[in-house]
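Peer 1: Give me a 3D structure for the following:
(one chain, ligands or ions: 1)
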Amino acid sequence: MIDFKSILEDIKQQISLVEDKGNVADYIPELKNVNKNAFGVYLNVLKNDNFGVGDYQTKFSTQSITKVLTLALAVAKKTDDVWKRVDVEPSGNPFNFLTLLEVENGIPRNPFINSGAIVIADILVSELENPKEGFLDFIRQITNDQSIDYDYKVAASEKETGFKNYAIANLLKSFGNLKNDVDTVLDFYFMQCSLAMTCEQITNAFYLFANKGKCLQDKLHITSSQAKRINAIMLTCGFYDEAGEFAFEVGLPGKSGVGGGIVALLPNKFVISVWSPGLNKKGNSKLGMQALELFTSKTELSIF
Ligand code: GLN
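Peer 2: Residues are numbered from 1 along each chain as shown. Have a look, this model is predicted:
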């Protein structure tokens, strides 16, 4: 039997000794106000037990982690259309890179770079009567947690400085790959990115990807084939131009956000979320990656 609790305590201890904690994202001004020393981990071992260490019950900005959740809702609603409008190839470029989108005629490389997530946001704007409420409702259902909400200050802050995302949305629109108007889609996109959750809540939300589409309450939200495919995209595209490095070091499908969160999972085995706000040069949590590398090394649990 693996002693998960003491492994997580060891990781917390080892990580606390690392001096260079990376840099907190500041291109969204509101994200600057985060304590760089915060660190939390929450693990759910399927059909077994849960373990949390550190600040695992503190809410933070999930940012791009939500791209997996909007994708799940979009494929659940409208399976066929999604893959005509977004590809499933790694981009090898930063999350907000523009050039590739023009070269590839407005078809984003994958749903986890910003252009792809903005197309998914557009699909949800078309599909849901009230996208902000509908998406929040989905998150509250899969987590069975009514306390989860958007952070309106973060959404407003990103909107004020979201020039690159406006450029991306306008480029998508010029290629006919945005059905709704730019402002409406981006208002929803900024809102989804502002979703504030704890490590515990993120782990609970991602349970369905490790559990063949069934959430913690055993309700089926996406098919097991859809879960398999989303996990594949997390492995190949979840960390932008660091997806190879994450597979190399950690060896799990996962997704990061510039709020410093990372969620990763081993299908049928576990879901783990970690939060450390300092980012590396590629925009992924520096210590979060190290913590997960330690976790899969110490437990010898990875997909490889
Ligand atoms: N909201 C952020 C943006 O669009 C999300 C980026 C991220 O978390 N990687 O720039």
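
Peer 1: CA only for contacts and neighbour counts going forward, please
Peer 2: Will do.

Peer 1: number of nearby residues for Q13?
Peer 2: Applying other Cα atoms under 10 Å, we find 11 residues neighbouring Q13.

Peer 1: before we move on, what about F135?
Peer 2: Neighbour count of F135, defined by other Cα under 10 Å: 21.

Peer 1: Distance of it relative to C215?
Peer 2: Per Cα to Cα, to the nearest Å, F135 is found 16 Å from C215.

Peer 1: and if you look at A291?
Peer 2: 25 Å.

Peer 1: Neighbour count: these two, which is higher?
Peer 2: Per other Cα under 10 Å, whichever of A291 and C215 has more neighbours is A291, with 25 against 22.

Peer 1: contacting residues for the closest residue to K212 other than its chain neighbours?
Peer 2: Counting by Cα to Cα, 6 or more residues apart in numbering, S224 is the residue found nearest to K212 once chain neighbours are left out, at 4.2 Å. By Cα atoms under 8 Å, 6 or more residues apart in numbering, the residues touching S224 are N211, K212, G213.

Peer 1: Hmm, I118 is touching L171, no?
Peer 2: No. With contact defined as Cα atoms under 8 Å, I118 does not reach L171; the gap is 11.1 Å.

Peer 1: Among these two, which residue is more densely surrounded?
Peer 2: Higher neighbour count among I118 and L171: I118, with 27 against 20, using other Cα under 10 Å.

Peer 1: Let me see the contact set for that one.
Peer 2: If you count contacts by Cα under 8 Å, 6+ apart, then I118 has A169, V185, L186, Y189 around it.

Peer 1: After the helix or strand hosting A117, which helix or strand is next?
Peer 2: According to DSSP states H and E, A117 maps onto helix 114-127. Counting by DSSP H and E, the next helix or strand C-terminal to helix 114-127 is helix 131-143.

Peer 1: the inter-axis angle of that following helix versus helix 114-127?
Peer 2: When axes from the mean of the first three to the mean of the last three Cα atoms, to 10 degrees is applied, the directions of helix 131-143 and helix 114-127 differ by 100 degrees.

Peer 1: quick one: is the helix or strand following helix 131-143 near the ligand?
Peer 2: Note on helix 131-143: by DSSP H and E, the next helix or strand toward the C-terminus is helix 152-161. No. For helix 152-161, no contact with the ligand is found by Cα under 6 Å from any ligand atom; the gap never falls below 6.8 Å.

Peer 1: that older thread, average model confidence for the helix holding A117?
Peer 2: On average, the pLDDT along helix 114-127 is 97.

Peer 1: One more: stretch 226-239?
Peer 2: 97.

Peer 1: Same check on stretch 191-208?
Peer 2: Average pLDDT, stretch 191-208: 98.

Peer 1: Restrict it to CA atoms and write it as CSV.
Peer 2: This file holds the C-alpha atoms of stretch 191-208, laid out as CSV (Å, rounded to 0.1, in the frame of the first residue of the first chain):
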residue,chain,number,x,y,z
MET,A,191,-15.5,34.9,-17.2
GLN,A,192,-14.7,31.2,-17.5
CYS,A,193,-11.0,32.0,-16.9
SER,A,194,-11.8,33.9,-13.8
LEU,A,195,-13.5,30.8,-12.2
ALA,A,196,-12.1,30.6,-8.6
MET,A,197,-11.6,27.1,-7.1
THR,A,198,-9.5,25.3,-4.5
CYS,A,199,-7.2,22.4,-5.3
GLU,A,200,-9.9,20.2,-3.7
GLN,A,201,-12.6,21.5,-6.0
ILE,A,202,-10.5,21.2,-9.1
THR,A,203,-9.6,17.6,-8.3
ASN,A,204,-13.3,16.9,-7.8
ALA,A,205,-14.2,18.6,-11.1
PHE,A,206,-11.6,16.5,-13.0
TYR,A,207,-12.7,13.2,-11.4
LEU,A,208,-14.9,12.5,-14.4
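
Peer 1: quick one: is it near the ligand?
Peer 2: Yes. Using Cα under 6 Å from any ligand atom, we find that stretch 191-208 touches the ligand at C193.
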